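Participant: Provide a 3D model corresponding to the input given below.
(6 chains)
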There are 6 protein chains.
Amino acid sequence: MQIRVINPNTTRGMTDTIATAAQGIAAPGTRISASQPAHGPVSIESHFDEAISAVGVLEEVMAGERDAMDAYIIACFGDPGLLAARELTRAPVIGIAEAAFHMAALISTRFSVVTTLGRTGIIAEHLLDQYGFRHHCRRVRAAEIPVLDLEEDGDAALNRIIDESRRARDEDGIGAIVLGCGGMADLTDEIGEAVGLPVVEGVTAAVKLAEALVGLGLGTSKHGDLAFPRPKAFVGRFEHLSNGAGVS
Amino acid sequence: MQIRVINPNTTRGMTDTIATAAQGIAAPGTRISASQPAHGPVSIESHFDEAISAVGVLEEVMAGERDAMDAYIIACFGDPGLLAARELTRAPVIGIAEAAFHMAALISTRFSVVTTLGRTGIIAEHLLDQYGFRHHCRRVRAAEIPVLDLEEDGDAALNRIIDESRRARDEDGIGAIVLGCGGMADLTDEIGEAVGLPVVEGVTAAVKLAEALVGLGLGTSKHGDLAFPRPKAFVGRFEHLSNGAGVS
Amino acid sequence: MQIRVINPNTTRGMTDTIATAAQGIAAPGTRISASQPAHGPVSIESHFDEAISAVGVLEEVMAGERDAMDAYIIACFGDPGLLAARELTRAPVIGIAEAAFHMAALISTRFSVVTTLGRTGIIAEHLLDQYGFRHHCRRVRAAEIPVLDLEEDGDAALNRIIDESRRARDEDGIGAIVLGCGGMADLTDEIGEAVGLPVVEGVTAAVKLAEALVGLGLGTSKHGDLAFPRPKAFVGRFEHLSNGAGVS
Amino acid sequence: MQIRVINPNTTRGMTDTIATAAQGIAAPGTRISASQPAHGPVSIESHFDEAISAVGVLEEVMAGERDAMDAYIIACFGDPGLLAARELTRAPVIGIAEAAFHMAALISTRFSVVTTLGRTGIIAEHLLDQYGFRHHCRRVRAAEIPVLDLEEDGDAALNRIIDESRRARDEDGIGAIVLGCGGMADLTDEIGEAVGLPVVEGVTAAVKLAEALVGLGLGTSKHGDLAFPRPKAFVGRFEHLSNGAGVS
Amino acid sequence: MQIRVINPNTTRGMTDTIATAAQGIAAPGTRISASQPAHGPVSIESHFDEAISAVGVLEEVMAGERDAMDAYIIACFGDPGLLAARELTRAPVIGIAEAAFHMAALISTRFSVVTTLGRTGIIAEHLLDQYGFRHHCRRVRAAEIPVLDLEEDGDAALNRIIDESRRARDEDGIGAIVLGCGGMADLTDEIGEAVGLPVVEGVTAAVKLAEALVGLGLGTSKHGDLAFPRPKAFVGRFEHLSNGAGVS
Amino acid sequence: MQIRVINPNTTRGMTDTIATAAQGIAAPGTRISASQPAHGPVSIESHFDEAISAVGVLEEVMAGERDAMDAYIIACFGDPGLLAARELTRAPVIGIAEAAFHMAALISTRFSVVTTLGRTGIIAEHLLDQYGFRHHCRRVRAAEIPVLDLEEDGDAALNRIIDESRRARDEDGIGAIVLGCGGMADLTDEIGEAVGLPVVEGVTAAVKLAEALVGLGLGTSKHGDLAFPRPKAFVGRFEHLSNGAGVS
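Facilitator: Reported below is the predicted structural model:
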């Protein structure tokens, strides 16, 4: 089984962090390959960054189709381009926010999210609403650290995440913590030990969900809402997407 | 007051249809300018089309900022890039789905949507949920016509929309119809006459909402969730977006 | 275009405040006329006050119909008699709570309401639920000032509203403030400057929404739920309402 | 225990029907007295009728307070003036829609409402939302009979209600029927026999709920939202309501 | 009328407390009999305790059917086995959590629950969701006392409940308190006096609701979801339940 | 990794069907063991059957704890005893309804459930609400076949399920079918081929989710709501559960 993990931002270090976390959790028969867009933002901290990054995510899925991937993971907590990506393939596509919410709901009755910047909390809240997990989530909290600080100033970032996670544990009446950024994929164990609650991280959760779906022979439904896009012309910089190029 | 109406697809004919509808409804002091992305799909009929189109929408908003626009309208019924666009400007940004839902809720207790293709219904449903209008909408219906047929085979398309709208009137227990595509902007009167219910169309609704907000001195809040994106590097094809280029 | 702004309470000073705010925001072609019931409470601070005031609101709408008004505004934050008023006319009828919620949702992802007395908070919460804006509103706050203090003890009232608005800004994670009383219509600018967030006020918002709907040629749907009431006998003090008197 | 059953319309025959139903179900120690407003509509079939009727309901509650009633019932399915009435008294006040929904939810997992006119369905839907019973109600159906036909053309009305109730039983997957009009209070047995499902009628349900609350020593909370209205001036036709006249 | 009050735990002292409270509130014509399972936990403080206790509840309902009971009350705040119990009888079956929520919603717009242990709060929250009262309940609070402390260390327990109830009154913006444990049935008056808000207790509330339903001639619907279980074989320790033994 | 699949009913043939399906999907390193209660109903088709079966499920989990299982699956579509079972172990516990809903939501935007008997539909609806998937599910349908007919009259049962699934595909606007009974675990392929949509079956879905959680090192949170039950006395037939016997 081959899973393509797509880091929606263009920071190689974060792609490596994510790939390492994914490989560390993958089953013996699973081959992880990681990629990042050739075009896009170095980090995703706003609706704007997310919208631009979605194009790169979709191009990476198309590239993955040429490589006959069995599943895809979108490794940014806003799940950028998720439904669009599903349209492009019969394979399962899993977002890491989605994956973390599903897993957290299976091991606890209530959880809180600890994310990077407060301004991205609204993205998580919209996803909780859309996916149906609003009542399972007590609170979306932010450690107020820019995403790239996870790479560049790791210890300070880790400490702030641990502090916020402890506040979640003590104030929110929860049973689990959801980490709200793909860049935290290597911090799960340390946070879990420091906080004493199950800590659910989306990249690893998504790998196991992808393996699960592939194992079940289940892929994205091509009946109805998520069928392949109708072929059509694209112009300008996106002309290469015309007539279903790269789309099965 | 200057309002930039952005047609998120790249079909000039549809931009013209939309611009004409917008100009026809604008107040004396309002100057409408219409634009379309230089890059993107010729029509928007899937999550994929929508995701690609969002980039063009955002670039058009940036161009509008250089022209000191007072408000923006995103003239595709999926409101592609809406929250991202709001981050880029202090001006109001209105999506036409959103505009139509707001207006329909002010003149009726329940409405139905008549859109183009069934597969885009899920996009409308997600917006109804996110905006809070799910209980006001009885049903999302599709006339099952491709978007560009509105341009190329107008009479047949009109008849199918009228037929579906009559079914909505007779079966759904509603007080108003919402037209679910920017390309229907010139059909409102004919449909309204044929169906005998108020027909709410998003492009015209958005123009009046934009005028309303500008008149009130209200623009997109720059406090919190919709603040300007943090400046950062973008790479590759999107390098020109680096460091807040084009962003106030 | 002629808009009748109805102050549901009988305090002339508040009618004047509201009329001035409405006139100040109206478009050149809009003629504002303000009225207040001949019968009813001097202020509205409970479900009881609101229920009594609704009769006066409806009589003012009937009077407006004789004057061929193009739109109506109900200028009390509980939107008393709103759906009943809509039954009486083909013109749009806008409540100021409703207007403020719609506008606030267009410029921010989340807002808080600052109203007068805590006991009226439940009225705002019920409206948020009915209109669909519950998830957009973080909190309904009260400055704990009686409504008429806005007239009689303006400076102290203003200070309390500003204090509460600042708390909303600092604690609620919001992008905008909604003012929860028609009597605050002249305080918007001062509060906005003091607080530094967009402040949405319902009277002015409703004027622009009314202009928008009239401009669109949209009025209250007479198909279904909001059709004119069936003519019938009324007895006693309400005999003059018999057989659709005053109802088109 | 003395319960005042208030028929919100002014039709004596319907007051008698309601009073008879209430007396027939009352416990031995319960004294039922019925009243109707001196002022108001002869039937309630719209938001307008309902808004006018609320004044009469409130005056009847005030009269009841002078008679030291132990509980009040508002015997119209829209529960007109319910929260306002609660503000006027320490006694419980029960609406018949509310009463029927509560009882139906205790004996079935899902029910449908059969009401008089389709246009009043929206009133029932809003109450279902506000009270929290939306998910328990499968459908609000209308027999399309004017309210006074229940008095004047009883047999035909009964047949239509039975027909609609049978459709509800066969199509809606329900366990119980809720009758959606106070004027149906004498038809419960006949409908129940004809349809073969439990039929919940609001007047009788409200009598038993009122007895229950009085028996428990529970009355309307005077702490917070439902405290007595602040005394104030009323002018014109409502001057007699000034300064808490008639309010404890 | 004969009402069987079933204490789902096996602690005789608590059965007596509950029976006394039920008898104290019952109408003259009502005969209360109380029972407790022969098999089960001495107190219910977890989903596990609740699941085991449900069997005993159901056996007590079957025993009640042999005694021709007119109604049943399940006197534990988690309403264990409620829908299953309803399947076994044509009589009404009332849970005390359900009863308390219904009554509290009739006398206040918002209430808080004060229960024993924090870990059982999730049970109350799930019931609030299922029954439709989530929006009426501001907060589920715990006094953090084990259930049997209500029997064994009554004064200390009472003081903690009063303290938590006062915090609810002062912080939650509510009009009523709901007591969240059957073992508090004898404390209602003391708590009410100490706190100064209406206090709704489920055992007494359920007795009056049961009397109300029986008085109305309403029992559990046997049409659809709550019909008698299909007879079938049970094996092992539950063989005596085979073929509808004990089921009408 | 050792997964214990618990068939909550006592029919050996169904346990075998379930075990075979589970083994067929399990990863190489996974050892499936299946069990069924020694005590309980031969099939589960009501709330009553479900409540009795929960005891057996819990005893099987306790037995599993003595065997040091890594995860548990509750293989009945009502997920009987799920939260109680979670309290008993640090291992993950997955219900098959839950598992199927999660998986279906990852590959489609909307699905319908096809279950056995109409009367059990309400159980599925309550689970959809509690888990948060109500909006993803278009309709809960029943083939109206008793559970044991799946064993005893397999071909006729299969045909009815296929017929109902085709109606779901053609009428509900869905992308996937969820099979609503553990006894259908061996029918997935045949139904999928006949219907042409992805078919999600809970037993197999749960095996892969259990493997996923174990792979992630995630087990049921022991912090808060799902902590081990407090040790206490049980009496009578359940005395063996006293003082945390069998509970870690």
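
Participant: spatially central residue in chain A, please.
Facilitator: In chain A, the C-alpha nearest the mean C-alpha coordinate belongs to A:Ile96, at 2.7 Å (C-alpha atoms, centre = their mean).

Participant: list the contacts of that one.
Facilitator: If you count contacts by C-beta atoms under 8 Å, 6 or more residues apart in numbering or on different chains, A:Ile96 has them with A:Ile73, A:Ile74, A:Ala75, A:Cys76, A:Phe77, A:Asp79, A:Gly182, A:Gly202, A:Val203, A:Ala205, A:Ala206. For glycine as for every other residue, the C-beta is placed from the backbone atoms N, C-alpha and C.

Participant: and the fourth one, how far from A:Ala19?
Facilitator: From A:Cys76 over to A:Ala19 the distance is 14 Å, taken as C-beta to C-beta, to the nearest Å.

Participant: swap in the fifth one?
Facilitator: Using C-beta to C-beta, we find A:Phe77 at a distance of 17 Å from A:Ala19.

Participant: more neighbours, these two?
Facilitator: Taking A:Phe77 and A:Ala19 together and counting by other C-beta atoms under 10 Å in any protein chain shown, A:Phe77 has the greater number of neighbours (31 against 20).

Participant: was I right to think that one contacts A:Val178?
Facilitator: No: contact status for A:Phe77 versus A:Val178: not in contact, 9.0 Å apart, counting by C-beta atoms under 8 Å.

Participant: so what's in contact with the two at the same time?
Facilitator: A:Ala100, A:Gly202.

Participant: please name the residues that touch the closest residue to the residue nearest to the centre of chain A other than its chain neighbours.
Facilitator: Setting aside the residues directly before and after it, A:Ile96 is nearest to A:Gly202 in space (C-beta to C-beta, 6 or more residues apart in numbering or on different chains), at 2.8 Å. Listed by C-beta under 8 Å, 6+ apart, the contact partners of A:Gly202 are A:Ala75, A:Phe77, A:Gly95, A:Ile96, A:Ala97, A:Glu98, A:Ala99, A:Ala100, A:Val178, A:Leu179, A:Gly182, A:Ala185.

Participant: low pLDDT regions in chain A?
Facilitator: When the per-residue scores of chain A are filtered using pLDDT under 70, the ranges that remain are A:245-248.

Participant: if we use 80, what do you get?
Facilitator: A:244-248 (pLDDT under 80).

Participant: which residues of it fall in strands?
Facilitator: Applying DSSP state E to chain A gives strands spanning A:2-6, A:31-35, A:40-41, A:71-74, A:93-95, A:111-115, A:137-142, A:176-180, A:199-200, A:234-235.

Participant: return the most buried member of these.
Facilitator: strand A:93-95 (a mean of 31; mean count of other C-beta atoms under 10 Å in any protein chain shown).

Participant: is any residue of that strand near chain B?
Facilitator: No: where contact is defined by C-beta under 8 Å from any C-beta of the partner chain, no part of strand A:93-95 touches chain B; the two come within 11.3 Å at best.

Participant: name every strand pairing with that strand and say which way it goes.
Facilitator: Its sheet considered, strand A:93-95 pairs with strand A:71-74 (parallel) by DSSP bridges.

Participant: contacts for the strand it pairs with?
Facilitator: Strand A:71-74 has contacts (C-beta under 8 Å, 6+ apart) with A:1-6, A:8, A:22, A:57, A:61, A:64, A:80-82, A:85, A:89, A:91-96, A:99, A:203, A:206-207, A:210-211, A:213-214.

Participant: before we move on, what about stretch A:54-61?
Facilitator: For stretch A:54-61, using C-beta under 8 Å, 6+ apart, the contacting residues are A:4, A:6, A:8, A:10, A:35-40, A:72, A:74, A:80-81, A:84-85, A:88-89, A:93, A:246, B:48, B:51-52, B:54-55.

Participant: rerun at 7 Å
Facilitator: Contacts made with stretch A:54-61 from outside it, assessed by C-beta atoms under 7 Å, 6 or more residues apart in numbering or on different chains, are listed as A:6, A:8, A:35, A:37, A:39-40, A:72, A:74, A:80-81, A:84-85, A:88-89, B:48, B:51-52, B:54-55.

Participant: how many other residues sit next to the residue nearest to A:Arg237 when sequence neighbours are not counted?
Facilitator: Once its chain neighbours are removed from consideration, A:Arg237 has its nearest residue in B:His39; the separation is 4.0 Å (C-beta to C-beta, 6+ apart). When counting by other C-beta under 10 Å, one arrives at 20 neighbours for B:His39.

Participant: can you give me every residue that contacts B:His39?
Facilitator: Neighbour list for B:His39: A:Val235, A:Gly236, A:Arg237, A:Phe238, B:Val55, B:Gly56 [criterion: C-beta under 7 Å, 6+ apart].

Participant: go again using 10 Å as the cut-off
Facilitator: A:55, A:234-239, A:241, B:10, B:52-53, B:55-56, B:59, B:237 (C-beta atoms under 10 Å, 6 or more residues apart in numbering or on different chains).

Participant: looking at those residues, which is nearest D:Ala27?
Facilitator: Each of the contacts of B:His39 was scored against D:Ala27 by C-beta to C-beta, and B:Ser53 proved nearest at 67.9 Å.

Participant: helices of chain A, start to end?
Facilitator: For chain A, the helices identified by DSSP state H occupy A:12-25, A:47-66, A:82-87, A:96-107, A:121-131, A:149-152, A:154-171, A:188-195, A:202-216, in order along the chain.

Participant: who does the third one touch, helix- and strand-wise?
Facilitator: In terms of contacts (3 or more C-beta pairs under 10 Å, 6 or more residues apart in numbering or on different chains; DSSP states H and E), helix A:82-87 is packed against helix A:47-66, strand A:71-74, strand A:93-95, helix A:96-107, helix A:121-131, helix B:47-66, helix B:121-131.

Participant: distance from that helix to the middle of the chain?
Facilitator: The gap between the average C-alpha position of helix A:82-87 and the chain average comes to 13 Å, counting by C-alpha atoms, centre = their mean, to the nearest Å.

Participant: and the closest residue to chain D within chain A, how many neighbours?
Facilitator: Using C-beta to the nearest C-beta, the single residue of chain A nearest to chain D is A:His135, 13.9 Å away. Number of residues near A:His135 (other C-beta under 10 Å) recorded here: 18.

Participant: now it: how far from A:Asp129?
Facilitator: When distance is defined by C-beta to C-beta, A:His135 is 10 Å away from A:Asp129.

Participant: overlap of the contact sets of those two?
Facilitator: Shared contacts of A:His135 and A:Asp129, defined by C-beta under 10 Å, 6+ apart, comprise F:Gly132.

Participant: my guess is A:Asp225 contacts F:Arg110. True?
Facilitator: Yes: between A:Asp225 and F:Arg110 there is a contact at 6.9 Å, judged by C-beta atoms under 10 Å.
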